[in-house]
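In: Generate a structure from the sequence data that follows.
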Amino acid sequence: MSIQDLLPKEMAYDMNIHILTFQPGASHGYIETHVQEHGAYVLSGRGMYNLDNEWVPVQAGDYLFMGAYVPQAA
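Out: Numbers count the residues shown, from 1 in each chain. This is a model prediction of the structure:
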């Protein structure tokens, strides 16, 4: 997995935008949670995403919304 940050990592920014790139068959490797609400937009490809402990298929063009403290992984 690689990450490309599109905004500076400074306290003056209260948000971040980045692009995660996965090789075929790759994953986060763990389920995570965040204190803030956030979303994801699938730019290309397809895969499975864990939202609140339920695996759902995703593909290019899908948008996912994740509430605070919702377990998630790709």
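
In: CA only for contacts and neighbour counts going forward, please
Out: OK.

In: Strands of this protein, residue ranges please.
Out: Remark: strands assigned in the chain by DSSP state E are 2-5, 18-21, 38-41, 46-51, 54-59, 63-66, 72-73.

In: How about stretch 61-74, which residues are buried there?
Out: Counting neighbours by 16 or more other Cα atoms under 10 Å, one finds that the buried residues in stretch 61-74 are 66-67, 70-74.

In: and that stretch, average pLDDT?
Out: Per-region confidence: stretch 61-74 scores 94 on mean pLDDT.

In: which residue is nearest the centroid of the protein?
Out: Ala40 (5.1 Å; Cα atoms, centre = their mean).

In: what sits against that one?
Out: By Cα atoms under 8 Å, 6 or more residues apart in numbering, the contact set of Ala40 is 63-65.

In: Repeat that for Gly29.
Out: Gly29 sits next to Ala73 when contact means Cα under 8 Å, 6+ apart.

In: got the contacts of Ala40 as CSV, with distance to Tyr13 columns?
Out: Converted to CSV, the contacts of Ala40 look like this (distance: Cα to Cα, whole Å):
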residue, distance to Tyr13
Tyr63, 23
Leu64, 22
Phe65, 21
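
In: and which of those residues is nearest Glu10?
Out: Ranked by distance to Glu10 (Cα to Cα), these are led by Phe65 at 24.0 Å.

In: Angles on the backbone of the residue in the chain sticking out farthest from the centre, please.
Out: Taking Cα atoms, centre = their mean as the measure, the residue most remote from the mean C-alpha position of the chain is Ala12, 22.4 Å away. Note on Ala12: its backbone torsions stand at phi -70, psi -20 [degrees, to the nearest 10].
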